[in-house]
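Engineer: I would like the atomic coordinates for the input below:
(3 chains)
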Amino acid sequence: MKSFTEYLVFNTKTRREYINITDTVEKLVKKSGIQEGLCLVNAMHITASVYINDAESGLLQDFDDFLERLAPHAPVLNYRHNRTGEDNGDAHIKRTIMGREVVVAITGGKLDFGPWEQIYYGEFDGGRPKRVLVKIIGE
Amino acid sequence: MKSFTEYLVFNTKTRREYINITDTVEKLVKKSGIQEGLCLVNAMHITASVYINDAESGLLQDFDDFLERLAPHAPVLNYRHNRTGEDNGDAHIKRTIMGREVVVAITGGKLDFGPWEQIYYGEFDGGRPKRVLVKIIGE
Amino acid sequence: MKSFTEYLVFNTKTRREYINITDTVEKLVKKSGIQEGLCLVNAMHITASVYINDAESGLLQDFDDFLERLAPHAPVLNYRHNRTGEDNGDAHIKRTIMGREVVVAITGGKLDFGPWEQIYYGEFDGGRPKRVLVKIIGE
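Structural biologist: Sure thing, here's the model as predicted:
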């Protein structure tokens, strides 16, 4: 069994941002040399997500609207978590809805994806460096 | 390490449908010959889910009601995504809530499941053929 | 390839409870002797979750408030599932929002975690023994 580990870093300018990382992950799969296996991609921070969906700008805005409706950023004191001095209570919930991680099959040395699958990094409390882990195991 | 890959195809008659695929996946685990490992089952389309829950008809309707309340299909123009000519903006969000994939342990050649765990394919934009990937790695 | 399997049991006193199981899982990783691989941790019951987020009491209450707002326990007959005699329709939905499982990378014999990542067992229908599966594969 072979394994491969790499850390990506994101530092978004805005509080919330959705970044397509498919090509980056695909390159790491190639670099790993693994032909058959599983690829885990996960946010290492608890106010960010990794998820799979469409690369369509309207949809990204739909997701953002949906998340703001379910767990609005303000008023910040609606979250008990923010009484600790934080203002990111909403980001913890938004990330939970979108998910922490994806596990993707590797077949024939590539991400085994349907036609529209794209891996996204979802940032909900940006403005500082945050990491994503890519771990691949297989043969 | 051994690996096994298979693709299932679903073509539902209705827009939304919930299909129990546990027996199908269990047969593939047997076919793989893998005794100890991990089994990934994921939707390959971004308007469908694979999730684990109960095989109880009332609950399936509860899930459907819940999803329609959170992300109603109509009015379709409430979703920016639908301005591209699509009408499945809601389906992208519904699938995100229910999840893209499950990872299941294989122990002693079987899905290592609790008493009520059942694997479901959740379709949110049916009426055309869509694929599910089953990838098993182990020994 | 090595594999390791263990079952944890939880029997909470209250209906809903959030239990930090990070140390327990970390010990199992050590016990497995696996240096590089993947660790799956999943609820084996369909009214409980395993998820990763912060160990902060205010946030745990925020999650609980959020889940009760989205899928309130009462009135129980709002859920078709409860017409079978159950009263846990809400718990099936709450668990779906929080997720069934996490997959965590193991690097250098340890859970490969960011600074705030903690693994939680989320119970939504407690008062009886329920199991969590830890499955580790790697080398």
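
Engineer: going forward, measure contacts and count neighbours with C-alpha atoms only.
Structural biologist: Noted.

Engineer: can you tell me the element the residue positioned nearest the centre of chain A falls in?
Structural biologist: Centroid-nearest residue in chain A: A:Val50, 1.8 Å away (criterion: CA atoms, centre = their mean). For A:Val50, the host element (DSSP states H and E) is strand A:48-53.

Engineer: and that strand, what's its mean pLDDT?
Structural biologist: Averaging pLDDT along strand A:48-53 yields 98.

Engineer: again, but for stretch A:10-25
Structural biologist: The average pLDDT for stretch A:10-25 rounds to 98.

Engineer: what is the distance between whichever helix or strand A:Ser3 is part of and the centre of its chain?
Structural biologist: Using DSSP H and E, A:Ser3 sits in strand A:2-10. Computed by CA atoms, centre = their mean, to the nearest Å, the chain-centroid distance of strand A:2-10 equals 14 Å.

Engineer: repeat for stretch A:1-13
Structural biologist: 11 Å.

Engineer: which residues touch that stretch?
Structural biologist: The contact list for stretch A:1-13 (CA atoms under 8 Å, 6 or more residues apart in numbering or on different chains) reads A:28, A:32, A:34, A:123, A:126-139, B:1, C:1, C:36-37, C:107, C:138-139.

Engineer: so which of the residues you listed belong to helices?
Structural biologist: Using DSSP state H, the members of these that fall in helices are A:28, A:32.

Engineer: out of the contacts of stretch A:1-13, list just those in strands.
Structural biologist: Taking DSSP state E as the definition of strands, the contacts of stretch A:1-13 contribute A:123, A:130-138, C:37, C:107, C:138.

Engineer: show me just the buried residues among the residues you listed.
Structural biologist: Neighbour-count burial (16 or more other CA atoms under 10 Å in any protein chain shown) applied to the ones in strands among the contacts of stretch A:1-13 gives A:123, A:130-138, C:37, C:107, C:138.

Engineer: near chain B too, which of these?
Structural biologist: Among these, the residues lying close to chain B (CA under 8 Å from any CA of the partner chain) are A:Gly138.

Engineer: give me the neighbour count for A:Asn78.
Structural biologist: For A:Asn78, the neighbour count with other CA atoms under 10 Å in any protein chain shown is 15.

Engineer: confidence score at it?
Structural biologist: A:Asn78 is assigned a predicted lDDT (pLDDT) of 97.

Engineer: and it, what are its phi and psi?
Structural biologist: In terms of degrees, to the nearest 10, the main-chain angles of A:Asn78 are phi -70, psi -10.

Engineer: picking up where we left off before, note down every partner strand of the strand holding A:Val50 and its orientation.
Structural biologist: strand A:118-123 (antiparallel) (DSSP bridges).

Engineer: correct me, but A:Gln61 touches B:Asn78?
Structural biologist: No: judged on CA atoms under 8 Å, A:Gln61 makes no contact with B:Asn78 at a distance of 11.4 Å.

Engineer: now A:Asn11: phi and psi?
Structural biologist: Per degrees, to the nearest 10, the backbone of A:Asn11 is at phi -140, psi 90.

Engineer: quick check: closest non-adjacent residue to it.
Structural biologist: If you skip the residues right next to it in sequence, A:Asn11 has A:Pro129 as its closest partner in space, 4.4 Å away by CA to CA, 6 or more residues apart in numbering or on different chains.

Engineer: how close does that neighbour sit to A:Glu101?
Structural biologist: Counting by CA to CA, to the nearest Å, the separation of A:Pro129 from A:Glu101 is 18 Å.

Engineer: do stretch A:66-79 and chain C meet?
Structural biologist: Yes: judged by CA under 8 Å from any CA, stretch A:66-79 comes into contact with chain C at A:Tyr79.

Engineer: and that stretch, end to end?
Structural biologist: End-to-end distance of stretch A:66-79: 18 Å, with CA to CA as the criterion.

Engineer: now do the buried residues in that stretch.
Structural biologist: Neighbour-count burial for stretch A:66-79, counted by 16+ other CA under 10 Å, picks out A:66-67, A:70-73, A:76, A:79.

Engineer: could you single out the nearest of the residues you listed to chain C?
Structural biologist: Distance to chain C across the buried residues of stretch A:66-79 (CA to the nearest CA) is lowest for A:Tyr79, with 6.0 Å.

Engineer: tell me how many other residues surround the closest residue to the closest one other than its chain neighbours.
Structural biologist: Distances taken as CA to CA, 6+ apart put A:Gly89 closest to A:Tyr79, at 5.6 Å, once the chain neighbours are dropped. Using other CA under 10 Å, A:Gly89 has 26 other residues around it.

Engineer: ok, A:Ala55 next?
Structural biologist: Neighbour count of A:Ala55, defined by other CA under 10 Å: 16.

Engineer: tell me the contacts of it?
Structural biologist: A:Ala55 makes contacts with A:20, A:116, A:118, as judged by CA under 8 Å, 6+ apart.

Engineer: so where does the nearest residue to A:Leu60 once chain neighbours are set aside fall, helix or strand?
Structural biologist: Closest residue to A:Leu60 apart from its sequence neighbours, by CA to CA, 6+ apart: A:Tyr18 at 7.1 Å. According to DSSP H and E, A:Tyr18 maps onto strand A:17-20.

Engineer: which strands and helices sit next to that strand?
Structural biologist: The elements that strand A:17-20 packs onto, with contact taken as 3 or more CA pairs under 8 Å, 6 or more residues apart in numbering or on different chains; DSSP states H and E, are strand A:118-123.

Engineer: so the strand it packs on versus strand A:130-138, what angle?
Structural biologist: Interaxial angle, strand A:118-123 versus strand A:130-138 (axes from the mean of the first three to the mean of the last three CA atoms, to 10 degrees): 150 degrees.

Engineer: give me the contacts around strand A:118-123.
Structural biologist: By CA under 8 Å, 6+ apart, the residues outside strand A:118-123 that reach it are A:12, A:15-22, A:43, A:47-55, A:95.

Engineer: let's go with 7 Å and repeat that
Structural biologist: Contacts with strand A:118-123, where a contact means CA atoms under 7 Å, 6 or more residues apart in numbering or on different chains, come from A:16-22, A:48-55.

Engineer: farthest pair in the residues you listed?
Structural biologist: Using CA to CA, the pair of these lying farthest apart is A:Arg16 and A:Thr22, separated by 18.8 Å.
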